[in-house]
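# sequence plus predicted model, see below.
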Amino acid sequence: MNIIKQINQKGIRLHSKWQEANERITQYIKLSKKQQQLPIFFQCIFLLIRIFYWFIIEMNQPGKEIMMRNQAKKMNDNLLLRQRINQNTQKAMLYLKKISFKKQLSYARRFLREEPFYRHALYNRCDLYKETTNSNCNWFESIFISNFKSSTVLVVVQKVFTKLLFWVLLQNITMLINRRIDNLYKYDDTIFCYDKAIQIDLIFCHCLFQQRFVISWLYQVIYQKISGNTHQQQRITSRQFSIVNQKRMNLSVFNYEIKKQKMNIFISVIQQISDSIRYLKIHNSQQCDCDTLMFQIKTRLTVLLSNSLMIVLNENLIKDNTI
């Protein structure tokens, strides 16, 4: 029992010591926080005083900032000048002249600010310069107007002269065109006659060859006439005759192809008739009489001719639609 009492007493003592230590630690932490807050507070107050002092000084000295800015600009300009001179040695002189001109302007402005009496003389000089320039401008305007009037007269004379020349040329050109149109009408009549002859007789090949010969000869004659004329007549005649000849050549080619097709159809019809006659002779030589054989040939011919006529009518319809 004595041992248990001793242990309990030791435990109570340890607990009391631990509480004392805890209280001392809390007190020490509070003191350290107070000690840290006081210098921070004083530092903040010191910074505020410095800012306020700097603000008052700068407000009382506004020209100091401008001077610092100008010095910074000069330093920057000098650095740029050195860089550009090192990069482009050829353009260095021009750049130096430009900078010197800017410096002279800045010196002049400073001089006029410091001594405003010289501004009045400068303004008077500017007014005199404006008056002289205005008088010179009026003089130049009068000269320009007189020159413009004389130039307009010359332009009118040139227009009249060109119109007269154009009228004379038109008369000559119209005479040539009328003559050639008369010749073309004659050629048109001949080609129309050949077309009619070909329509009447499809197998009349002589008309086809004559039509092609006339058109080719007409084309050669026109080409020779065009080549013999001057450049202006070439432009006028080539535009007219090329269109006419192109249409005629297209029509002749179209007609020739149609006639060729018709000839082929006619030849095929004749071959079919001959084949049918041979067939009938071989198969009906012993059984049929001559009358029956002729009747069969006629029926065969009528069928073939009706088919050929239908083909020709269809071709004519196609031709009319294309034209």
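Perfect, thanks for sending it. The structure presented is a predicted model; accordingly, all values stated were derived computationally and were not measured. Residues are numbered from 1 along each chain as shown.
# use CA for all of it now, contacts and neighbours both
OK.
# Phe254: neighbour count?
Counted with other C-alpha atoms under 10 Å, residues neighbouring Phe254 total 13.
# can you name the residues that contact it?
Counting by C-alpha atoms under 8 Å, 6 or more residues apart in numbering, Phe254 touches no other residue.
# which strand or helix spans it?
helix 231-283 (DSSP states H and E).
# flag the shaky bits of the stretch 201-323 of the chain, pLDDT-wise.
Along the stretch 201-323 of the chain, the parts satisfying pLDDT under 70 run over 201-253, 255-256, 258-323.
# mind running it again at 50?
204-205, 286-288, 319-323 (pLDDT under 50).
# same check on the stretch 51-200 of the chain?
Using pLDDT under 50, the stretch 51-200 of the chain drops low at 139-140, 143-145, 147-150, 153.
# distance of Gln9 from Asn22?
Taking C-alpha to C-alpha, to the nearest Å as the measure, Gln9 falls 20 Å from Asn22.
# swap in Ile51?
Ile51 is 44 Å from Asn22, by C-alpha to C-alpha.
# ok, Ile12 next?
Taking C-alpha to C-alpha, one finds Ile12 at 15 Å from Asn22.
# which strand or helix spans Ser16?
Taking DSSP H and E as the criterion, Ser16 maps to helix 2-60.
# count of residues packed around Gln35?
Neighbour tally, Gln35, other C-alpha under 10 Å: 11.
# from Lys74, how far out is it?
From Gln35 to Lys74 the distance is 51 Å (C-alpha to C-alpha).
# ok, now how distant is Asn8 from Leu14?
From Asn8 to Leu14 the distance is 10 Å (C-alpha to C-alpha).
# swap in Lys102?
Distance from Lys102 to Leu14, by C-alpha to C-alpha: 90 Å.
# try Tyr28
21 Å.
# can you check Lys74 too?
Distance from Lys74 to Leu14, by C-alpha to C-alpha: 79 Å.
# and for Gln71?
Counting by C-alpha to C-alpha - Gln71 and Leu14 are separated by 76 Å.
# please apply the same query to Arg24.
From Arg24 over to Leu14 (counting by C-alpha to C-alpha), the distance is 15 Å.
# go on, Ile49?
Computed as C-alpha to C-alpha, the Ile49 to Leu14 distance reads 53 Å.
# Ile7 too?
From Ile7 to Leu14 the distance is 11 Å (C-alpha to C-alpha).
# and Asn76, by the same measure?
77 Å.
# one more: Leu48?
With C-alpha to C-alpha as the criterion, Leu48 and Leu14 are 52 Å apart.
# what do you get for Asn70?
Distance from Asn70 to Leu14, by C-alpha to C-alpha: 77 Å.
# same deal with Phe52?
From Phe52 to Leu14 the distance is 58 Å (C-alpha to C-alpha).
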